[in-house]
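Enquirer: I would like to see how this sequence folds:
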Amino acid sequence: MFVFSENVCRFAQILNKAFFRESMGVKALKIKLLAVVMLCSFSGFGSEDSTDKKQEEFNPKEMIMHHVKDAYGFHLWDWNGHSIALPLPILLWVDGEMITFMSSEFHHDSNGEVIVERNGHRFVNFHEKVYQLDSEATALAFNEDNYPINASKPLDISITKNVFMMWVSVLVLLFLFITTARKYKQSPDNVPTGIAGFMEPLILFVRDEIGVPMIGEHKYKRYMPYLLTIFFFIWINNIFGLIPIVNGANLSGNIAFTFTLATFTFIITTFSGNKNYWKHIFWMPGVPVPMKIFLAPIEVIGMLVKPISLMIRLFANITAGHIIILALMSLIFVFKTIAVAPVSVLFALFIAVIEIIVTAIQAYIFTVLSALYFGMATEEEHH
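Expert: Model prediction:
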């Protein structure tokens, strides 16, 4: 725990050197920009609920889940009772054919009221899930659990806002690393400048504080491409999740995303395992035979629990921050008084600042644990 805390402090120092080399005037500008971003985010949050024509009772749970989960487009703001949104393509595979149309045909928050017809098929969007109506159905019907009973779900491979932002983050990663490599080639003395000067301390941190200690000095190089990729990939997507204009396109808050990353770590660990690693799992050395039989299933379960813990840890920590901020802002509408606003905004701003730190810390933790698993799988037998 002491080594881990020391590395976290070291990581914070690296970030401080990379980010805050500017003058105090620039720092003050950053604080002002953060305040403006927060106010824009909160004002958009308030306008979305205040323009509800039905004037239904405010439901914090429904609002929070609506903002946290994935969607078929980017809802930017409401204007004169109309939603201003950036639509994304809907791609559905139905009866051996691909059906495509833009998500704007559903309208924002149509909740199954708008029916889109294509090639004799009718589709509705209910809670950001596309359903295909049965042949004789004219509208969605629900059971007591509020689940559609007269519609089916087609194979949905649509470009959602999380998928779109994942592609954006990949382009950002390519730009960062390709530009960094070019800067080094253009520098006669390999002195980092520009983006390379920002990237170098972070890359060296991943190598010297994660790769070498966790995997070993002679084996870490083969795993560095993966460690660098997941570190920056998770970090960049976590940062995107804090930008109000992308309307909560929080990729790390999607359990499918964290499951995929954890699966990659599990696959690499499994194929990297040497004879000593598998011996400690299936036939623990140095213990009596009855204990070996007893420990084998426990070790197998532990081998499977490790990627599951990776998946849940990243998903839960990133999602929790967004839920807390939305819950704090919901207090204004729950108590129906502006007197709560200063407290809600101040606490929400405090949590938002913490989330900025958490974006990097969670990327660091996922990378550290992945490297630790690789080191355990490749560790040589000690006599």
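Enquirer: which residues sit against stretch 360-367?
Expert: The list of residues contacting stretch 360-367 from outside it, by C-beta atoms under 8 Å, 6 or more residues apart in numbering, reads 7-8, 11, 15, 206, 210, 227, 230-232, 234-235, 238, 252, 261, 310, 313-314, 317-318. For the C-beta atoms, the positions are set from N, CA and C on the backbone; glycine is no exception.
Enquirer: cross those against strands and list the overlap.
Expert: Counting by DSSP state E, no part of the contacts of stretch 360-367 is found in strands.
Enquirer: filter those residues down to the buried ones and express that as a ChimeraX selection.
Expert: Selecting only the buried entries of the contacts of stretch 360-367 in ChimeraX, with 16 or more other C-beta atoms under 10 Å as the criterion:
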select :7,8,11,15,206,210,227,230,231,232,234,235,238,252,261,310,313,314,317,318
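Enquirer: Lys221: neighbour count?
Expert: When neighbours are counted by other C-beta atoms under 10 Å, Lys221 registers 12.
Enquirer: the closest residue to it other than its chain neighbours and Pro307, how far apart?
Expert: Of all residues not flanking Lys221 in the chain, Gly211 sits nearest, at 8.0 Å (C-beta to C-beta, 6 or more residues apart in numbering). Applying C-beta to C-beta, to the nearest Å, the value for Gly211 to Pro307 is 19 Å.
Enquirer: one more: Ile357?
Expert: From Ile357 over to Pro307 (counting by C-beta to C-beta), the distance is 25 Å.
Enquirer: of these two, which one has the most company?
Expert: Pro307 (23 against 11).
Enquirer: which parts of stretch 155-167 are buried?
Expert: Within stretch 155-167, the residues that qualify as buried are Ser158, Ile159, Thr160, Lys161, Asn162, Val163, Phe164, Met165, Met166, counting by 16+ other C-beta under 10 Å.
Enquirer: sorry, back to before: and the residue nearest to Lys221, what does it touch?
Expert: By C-beta under 8 Å, 6+ apart, the neighbours of Gly211 are Tyr220, Lys221, Tyr223, Met224, Leu227, Ala371.
Enquirer: looking at those residues, which are in helices?
Expert: When the contacts of Gly211 are checked against helices (DSSP state H), the matches are Met224, Leu227, Ala371.
Enquirer: burial count for the first one?
Expert: Meaning Met224. A count of nearby residues for Met224, using other C-beta under 10 Å, gives 17.
Enquirer: Pro244: which of the ones in helices among the contacts of Gly211 is nearest?
Expert: Using C-beta to C-beta, Leu227 is the member of the ones in helices among the contacts of Gly211 that sits closest to Pro244, with 30.8 Å.
Enquirer: reformat the contacts of Gly211 as a markdown table; add pLDDT.
Expert: A markdown table is the format used below for the contacts of Gly211 (pLDDT from 0 to 100):
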| residue | pLDDT |
| --- | --- |
| Tyr220 | 92 |
| Lys221 | 93 |
| Tyr223 | 95 |
| Met224 | 94 |
| Leu227 | 96 |
| Ala371 | 95 |
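Enquirer: ok, so of those, who is nearest Glu113?
Expert: Distance to Glu113 across these (C-beta to C-beta) is lowest for Leu227, with 47.8 Å.
Enquirer: so that closest one touches Leu372, yeah?
Expert: No: using C-beta atoms under 8 Å, Leu227 makes no contact with Leu372, being 11.0 Å away.
Enquirer: centroid residue for this structure?
Expert: Nearest to the geometric centre of the chain sits Ser252, at 1.1 Å (C-alpha atoms, centre = their mean).
Enquirer: for it, what are its contacts?
Expert: Going by C-beta under 8 Å, 6+ apart, Ser252 touches Ile234, Asn237, Asn238, Gly241, Thr258, Leu314, Phe315, Ile318, Gln362.
Enquirer: show me the residues you listed that map onto helices.
Expert: Ile234, Asn237, Asn238, Thr258, Leu314, Phe315, Ile318, Gln362.
Enquirer: any idea how far Ser344 is from the third one?
Expert: In this structure, Asn238 and Ser344 are 24 Å apart, going by C-beta to C-beta.
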